[in-house]
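Enquirer: Give me a 3D structure for the following:
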Amino acid sequence: MTDGADVHRVVALALPGVVAFDLSIAAQIFGHRSAQSLYSFAVCAPNAGLVTSSTGFQVAAPLGLEALAQADTIVVPGFDPLDAPDEASLAALRDAADRGTRIVSVCVGAFALAAAGLLDGRSATTHWQHADHFRRRFPRVRLNPDVLYVDEGQLLTSAGISAGIDLCLYLVRQDYGEHVAAEVAQRMVVANHRTGGQLQYAQRPLPKHGGLGATREWAISELQRPLTVRHLARHAGLPVRSFTRQFRDEVELSPMRWLTLQRVREALRLLEATDLDVYDVAVRSGFGTPATLRLHLARELGSTPTAYRRAHRRQ
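Expert: Numbers count the residues shown, from 1 in each chain. The predicted structure is shown next:
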């Protein structure tokens with residue numbers, strides 16, 4: 001790693017089965033030659049040497065866990081399979097947290113932070129596809145699988161793939177300001193800033209046959225109506241309790257929580273693609289009033305309709 005009092009030291013912990021894309025995010029943002037005056041970057045592993053990635057090829061990790069003691073920021077990329085990391089790695093993460101080191105996970109790297117006990121009682125996120133698995137293993141963590149990233153101060157977690165880029169750019173913005181973060185985003189040809197509370201855009205897949213996919217598709221087509229669980233259950237031809245139970249099994253969300261997210265997504269689409277005023281966006285997305293729309297956008301994205309439109313308007 002580069003020496004220098006003003007250089008922020010970033011170390012990525014490549015656990016066995018490391019997701020190479022996740023690791024490359026940290027490498028491109030913190031280890032790129034254009035960032036050498038700002039950051040030093042290194043890769044370590046439980047044992048120095050070659051680490052087999054989740055896709056089969058090997059990654060060189062020249063340093064062992066001792067490198068974490070010198071880090072200002074530790075990045076834990078995702079890994080697969082999601083077995084608990086070795087105790088030495090978990091202990092090294094706990095020791096780093098005790099020293100006040102900033103610790104960041106990308107995608108399912110949150111499983112390592114949670115296994116170390118660092119996320120107990122805290123809010124966190126991970127890839128939505130693994131949310132149910134995460135909740136079963138770590139019930140003391142307040143998981144929110146609907147957002148891009150979560151900042152809990154010393155500990156930060158991101159959702160899948162591109163959300164890791166968003167979180168790392170957020171760190172650059174914290175460390176060196178908006179201008180530097182914008183330069184990095186421009187170099188990488190990515191969005192300069194997406195708020196952590198923004199929804200993970202990946203839509204849960206709807207089953208083509210069977211299940212409640214047809215009812216969900218119907219609900220999306222009827223968003224302007226004041227739908228209730230009873231309306232959805234009636235469409236599916238099921239008692240409300242049976243419908244709610246089956247819905248949770250298929251989608252991992254309650255019916256009304258899922259419906260709210262669909263309304264938010266529709267509102268965002270309208271703000272991006274149309275000239276409708278906020279009142280009409282609220283009506284068409286099923287929120288009814290601008291005040292209700294603003295409430296939900298603030299809760300889900302940490303933004304307002306006007307601010308979102310300004311940042312994401314399609315030309």
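Enquirer: now residue 99, nearest residue through space, not along the chain?
Expert: Nearest-residue entry for residue 99: residue 69, 7.7 Å, with adjacent residues in sequence omitted and distances by C-beta to C-beta, 6 or more residues apart in numbering. Yep, even glycine has a C-beta here, placed from its N, CA and C like the rest.
Enquirer: So the one you found sits against residue 96, correct?
Expert: Yes - Residue 69 sits in contact with residue 96 when judged by C-beta atoms under 8 Å, with a separation of 7.3 Å.
Enquirer: Between these two, which is the more surrounded one?
Expert: The residue with more neighbours, out of residue 69 and residue 96 and counting by other C-beta atoms under 10 Å, is residue 96; that gives 23 against 12.
Enquirer: Now do the SS call for the closest residue in space to that one that isn't next to it in sequence.
Expert: Setting aside the residues directly before and after it, residue 96 is nearest to residue 68 in space (C-beta to C-beta, 6+ apart), at 5.2 Å. The local conformation at residue 68, judged by DSSP: H, G, I helix; E, B strand; the rest coil, is helix.
Enquirer: From residue 293, how far off is residue 68?
Expert: Residue 68 sits 45 Å away from residue 293 when distances are taken as C-beta to C-beta, to the nearest Å.
Enquirer: list the helices and strands the helix or strand encompassing residue 279 packs on?
Expert: Residue 279 is part of helix 278-284, with elements assigned from DSSP states H and E. Packed against helix 278-284, as judged by 3 or more C-beta pairs under 8 Å, 6 or more residues apart in numbering; DSSP states H and E, are the following elements: helix 255-273, helix 290-301, helix 305-312.
Enquirer: what packs against the shortest one?
Expert: Counting contacts by 3+ C-beta pairs under 8 Å, 6+ apart, helix 305-312 is packed against helix 255-273, helix 278-284, helix 290-301.
Enquirer: Quickly compare the ones you listed and say which is most buried.
Expert: For those, the largest average neighbour count (mean count of other C-beta atoms under 10 Å) is found in helix 255-273, namely a mean of 19.
Enquirer: Please enumerate the strands of the stretch 101-250 of the chain.
Expert: Taking DSSP state E, counting those that start in this stretch as the criterion, the stretch 101-250 of the chain carries its strands at 102-105, 123-124, 142-143, 149-151, 155-158.
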